[in-house]
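Q: Model the following, please.
(one chain, ligands or ions: 2)
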Amino acid sequence: MLIVDAAFYGKDAAAKAVLVKQVRDACLAKGFFQIVNHGVPEDLQQAIFEQSKDFFALPMEQKEKYDKACHPNKLGYERFRSQNFEKKAVGELKEGFFFGPNLHKDHPFVQQGRIHCGTNIYPSEVSDPEIFEKTMMQYHQLMTKLATNVLSIIAMTLNLGEEYFGKFCHDSGAVLRLLHYPPQAADASEEERGIGAHTDFGSVTLLLQDDVGGLQVFDKPTMSWIDVKPTPGAYVVNLGNVMMRYSNDTYISNLHRVINKTGRERYSIPFFFSGNPDFVVDCLPGCEDADGKCKYPPVRIEDWIFGRHTNTFEEGKGVEELSSLAKVA
Ligand code: OGA
Ligand code: NI
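A: Residues are numbered from 1 along each chain as shown. Ligands and ions are numbered 1, 2, ... in the order given. Predicted coordinates:
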């Protein structure tokens, strides 16, 4: 998978043009790339993995006290088997934890009960609750900045001004998710998944993975799954459904999944940047079909995210997977 050096960003014009071209090609072909030199300090990356392991090592009954299903804004602990993308077998072999932006309890989004925009939960049983909270919030802030920068690059790949997504990014929904994938049992069913084949819901996802491996991306030309080999410290960037719709399918929101057959515990930390919940996504200028039409009707970000969340965590009627690629999974 293409690895781009984001240190070029904002410096000299020729290097920036190279970066924009590389990112455009990756968005057209795969909807996935990796970035290095992104400015997120290595010690913060290590710290968040440490805090994540510390939490997941707690006894189950302590973790389940924080079940996100019981939280008005769906923040907190994600139980084992609670998500089921492929809906073929039992739920997925992973547990997680969701954090939203650090909003004051008087913020209108908190007051209005917007999805993933409530008061964050911080478990008191971790070794150092203060460091835990500080690490999560510091990381969330840096990732918000990085996601905004990635969107500026994406705006340039579409010949839009660097600041084009300013309104879209303002007060964006942004979820930090800690994930823990235990190794699957030796006699596990062929349908066992760490996370089933899916596309992400928002605009961009920035994923930090440890060195265990198990993430795979779908390759349409060969109709096969390709391993995303871990690159230490890099972010795997992928486009979500919102960006695919926004760009009228110019860019791909690709299928991916995790199967942990390594025999080792795997930890990963995706950050999902969806866009301002009230923003209405309609075809970007220059992305229309040849006849000037757009494939999708406008959609409000919050409605889209809520629908896909409901569809994958509950048996409720959310919006269906939009990618026809899903049929192969
Ligand atoms: C996700 C996801 C991959 C990983 O959370 O949407 O695809 O490596 N995670 O954990
Ligand atoms: Ni994903």
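Q: so what's the residue of the stretch 151-300 of the chain found nearest ligand 1 closest to, chain neighbours aside?
A: Nearest residue of the stretch 151-300 of the chain to ligand 1, counting by Cβ to the nearest ligand atom: residue 268, 3.5 Å away. The C-beta positions use only the backbone N, C-alpha and C, and glycine is treated the same way. Spatially, and ignoring its direct neighbours in sequence, residue 268 is nearest to residue 209 (4.4 Å; Cβ to Cβ, 6 or more residues apart in numbering).
Q: Quick check: the one you found vs residue 59, distance?
A: Between residue 209 and residue 59 the distance is 26 Å, computed by Cβ to Cβ, to the nearest Å.
Q: Flag every residue of the stretch 51-200 of the chain that's near ligand 1.
A: 177, 179, 195, 200 (Cβ under 6 Å from any ligand atom).
Q: of all those, which two lie farthest apart?
A: 179 and 200 (13.2 Å; Cβ to Cβ).
Q: In terms of neighbours, single out the busier of the two.
A: residue 200 (25 against 21; other Cβ atoms under 10 Å).
Q: so is the more buried one in a helix, a strand, or just coil?
A: With DSSP: H, G, I helix; E, B strand; the rest coil as the basis, residue 200 sits in coil.
Q: secondary structure element for residue 14?
A: Counting by DSSP states H and E, the element that carries residue 14 is helix 13-29.
Q: Check residue 177 too.
A: Counting by DSSP H and E, residue 177 is found in strand 173-181.
Q: With residue 123 instead?
A: Taking DSSP H and E as the definition, residue 123 sits outside all helices and strands.
Q: so it touches residue 99, yeah?
A: No - judged on Cβ atoms under 8 Å, residue 123 makes no contact with residue 99 at a distance of 11.3 Å.
Q: Which of the two has more residues huddled nearby?
A: Neighbours of residue 123 and residue 99, each counted by other Cβ under 10 Å, are more numerous for residue 99; the result is 22 against 18.
Q: The more buried one contacts residue 74, doesn't it?
A: No - taking Cβ under 8 Å as the definition, residue 99 is not a contact partner of residue 74, at 11.2 Å.
Q: Okay, helices next: where are they in the chain?
A: Secondary structure of the chain (DSSP state H): helices at 13-29, 42-56, 60-63, 108-111, 129-157, 166-169, 241-246, 301-313.
Q: Would you tell me which one of those is buried the most?
A: helix 241-246 (a mean of 25; mean count of other Cβ atoms under 10 Å).
Q: And the contacts of that helix?
A: 31, 154, 199-204, 251-253, 274-275, 281-284, 287, 296, 299, 301, 304, 308, 322-323 (Cβ atoms under 8 Å, 6 or more residues apart in numbering).
Q: Make a PyMOL selection of the buried ones in those.
A: A single PyMOL command selects the buried members of these (16 or more other Cβ atoms under 10 Å):
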select buried, resi 31+154+199+200+201+202+203+204+251+252+253+274+275+281+283+284+287+299+301+304+308+322+323
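Q: Touching, residue 143 and residue 269? I think so.
A: No - counting by Cβ under 8 Å, residue 143 does not reach residue 269; the two are 9.1 Å apart.
Q: any common contacting residues for those two?
A: Joint contacts of residue 143 and residue 269 (Cβ under 8 Å, 6+ apart) are residue 176.
Q: Any idea how far the helix holding residue 14 is from the middle of the chain?
A: Offset of helix 13-29 from its chain centre (Cα atoms, centre = their mean, to the nearest Å): 21 Å.
Q: Just list what it packs against, helices and strands only.
A: Judged by 3 or more Cβ pairs under 8 Å, 6 or more residues apart in numbering; DSSP states H and E, the packing partners of helix 13-29 are strand 3-5, strand 32-36, helix 129-157.
Q: mind checking pLDDT for residue 117?
A: You'll see residue 117 listed with a pLDDT of 82.
Q: Quick check: it touching residue 71?
A: No - the pair residue 117 and residue 71 fails to qualify as a contact (Cβ under 8 Å) at a distance of 11.4 Å.
Q: So the two - more neighbours on which side?
A: Higher neighbour count among residue 117 and residue 71: residue 117, with 24 against 17, using other Cβ under 10 Å.
Q: which residue sits closest to the more buried one, ignoring its sequence neighbours?
A: Distances taken as Cβ to Cβ, 6+ apart place residue 109 nearest to residue 117, at 3.9 Å, with adjacent residues excluded.
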